[in-house]
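>>> Structure for this input, please:
(one chain, ligands or ions: 1)
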Amino acid sequence: MDWWVSMPKIELHAHLNGSIRDSTLLELARELGDKGLVSFPDVEHVIVKHDRSLSEVFKLFDLIHILTTDHETVTRITKEVIEDFAAENVVYLELRTTPKKNVSKGMNKRSYIEAVLEGLRAVTMVEVDFLSEPSIDSQANGGIYARSDGYASNGTEKKKIFVRLLLSIDRRESTEAAMETVKLALEMRHQGVVGIDLSGNPIIGEWLTFLPALEFAKEQGLLITLHCGEVPNPVEIHAMLHFLPARIGHACCFGEEEWAKLKSLKIPVEICLTSNIRTETISSLDIHHFADLYNSGHPIVLCTDDSGVFSTSVSGEYSLAASAFGKTGAGTII
Ligand code: 6MZ
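Just a heads-up that it's a prediction; the model follows:
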């Protein structure tokens, strides 16, 4: 495992509120418990439970959002999440989060993302770059670039992590709300926002509700990644593949026809092994689609999804893939 930690890695599918440390969630729950706003023992029980179905995971997110939705806490969790990824040598992180409104806290979608950006600036343990182009050309970056060992090469010997943001549209949202998120992403393009994610409970919402906003985002050159096929829904899967997103996440419930289409279109897949097993969208690793996609040379990337909720890490996902698939098939990991 130490070896996987030491290896420089990228993380492209991590939800901010799913990546919070358990210790932070418990601390926040205790504070709200002391104020009489939640029942701490009930919340503690939910947080420390580790075998959750997909629907229970979404109930947990509703609880997490009660604990985290004020500006100060959003800044804190962002800072901690970046530090945790950097500590295991993630050198490029695309962090996704759903911009939220919380009238009682004076929060709107823009101020939520500004609180996230504040969290990026608050990190001191490592150097966080969320503005420049990741490049090996030191001149293009004011003399700073990421070395393969994850350290900045500007002479400071401080570790460096490139962070970019994806703004998530929650499947509970309306067309107008989705469009508001896309417009916000466009306005914040020069502050590290690179794209849009569609996520949330896969049994809620209709593809056509989000399509106008996603089409607009694509026309404007934002990167689009879609949670696709987390539950069986062939009509939606076809529509999503036809949309030609830059990437998709999960792809757990594909049939023969969908696999053929995905492979011919070469759309990269973000694979989240632990999440898929924990939520039972895939019953066991030996039938996971990782092996087939990997062996057929399809572009894939190993990701955590929700490192806090599923008690995992990027290194843990690599280690798991190596032990489950490393000795089988045509390919080897790395
Ligand atoms: C679909 C997921 C997810 O945005 O508040 N989210 N959506 N499938 C998953 N797999 C288990 N894991 C997380 O982070 C939490 C939100 O991300 C989405 C859900 O909408 C969840 O509420 P943010 O930072």
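>>> Okay, now the unreliable bits of the stretch 1-150 of the chain?
By pLDDT under 70, the low-scoring segments of the stretch 1-150 of the chain are 132-150.
>>> All the helices of it, residue numbers only.
Assigned by DSSP state H, counting those that start in this stretch, the helices in the stretch 1-150 of the chain fall at 2-6, 22-34, 40-48, 54-68, 71-87, 109-122.
>>> Out of these, which is the most enclosed?
helix 71-87 (a mean of 21; mean count of other Cβ atoms under 10 Å). In this view, the C-beta of every residue, glycine as well, is placed from N, C-alpha and C.
>>> number of nearby residues for residue 19?
The number of residues packed around residue 19, counting by other Cβ atoms under 10 Å, is 28.
>>> hang on, it packs against residue 303?
No - contact criterion Cβ atoms under 8 Å: residue 19 and residue 303 do not qualify, at 10.9 Å.
>>> and the stretch 201-334 of the chain, which of its residues are near the ligand?
Within the stretch 201-334 of the chain, the residues that sit near the ligand (Cβ under 6 Å from any ligand atom) are 227, 230, 275, 279, 305, 306.
>>> OK, contacts around the second one?
Going by Cβ atoms under 8 Å, 6 or more residues apart in numbering, residue 230 touches 54, 202, 249, 250, 252, 253, 281.
>>> Give me the neighbour count for residue 39.
Neighbour count for residue 39, taken as other Cβ under 10 Å: 12.
>>> Quick check: closest non-adjacent residue to it.
residue 33 (6.7 Å; Cβ to Cβ, 6 or more residues apart in numbering).
>>> Repeat that for residue 241.
Using Cβ to Cβ, 6+ apart, the closest residue to residue 241 is residue 261 (5.2 Å).
>>> export the lengthiest strand in the chain as PDB, just CAs?
Secondary structure of the chain read by DSSP state E shows that its longest strand is strand 160-170. Written as PDB, here are the backbone C-alpha positions of strand 160-170 (Å, rounded to 0.1, in the frame of the first residue of the first chain):
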ATOM      1  CA  LYS A 160       2.100  20.900  -5.100                       C
ATOM      2  CA  ILE A 161      -1.400  19.800  -6.200                       C
ATOM      3  CA  PHE A 162      -3.300  21.100  -9.200                       C
ATOM      4  CA  VAL A 163      -7.000  21.400  -8.300                       C
ATOM      5  CA  ARG A 164      -9.800  22.100 -10.700                       C
ATOM      6  CA  LEU A 165     -13.600  22.300 -10.000                       C
ATOM      7  CA  LEU A 166     -16.600  20.700 -11.600                       C
ATOM      8  CA  LEU A 167     -19.900  22.200 -10.600                       C
ATOM      9  CA  SER A 168     -22.500  19.500 -10.100                       C
ATOM     10  CA  ILE A 169     -26.200  19.600 -11.200                       C
ATOM     11  CA  ASP A 170     -28.200  17.500  -8.700                       C
END
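>>> Assign residue 216 to helix, strand or coil.
helix (DSSP: H, G, I helix; E, B strand; the rest coil).
>>> Surely residue 232 is within a strand?
No - under three-state DSSP, residue 232 falls outside any strand and is assigned coil.
>>> Show me the residues of the stretch 201-334 of the chain next to the ligand that map onto helices.
For those, the ones inside helices are residue 275, with DSSP state H as the criterion.
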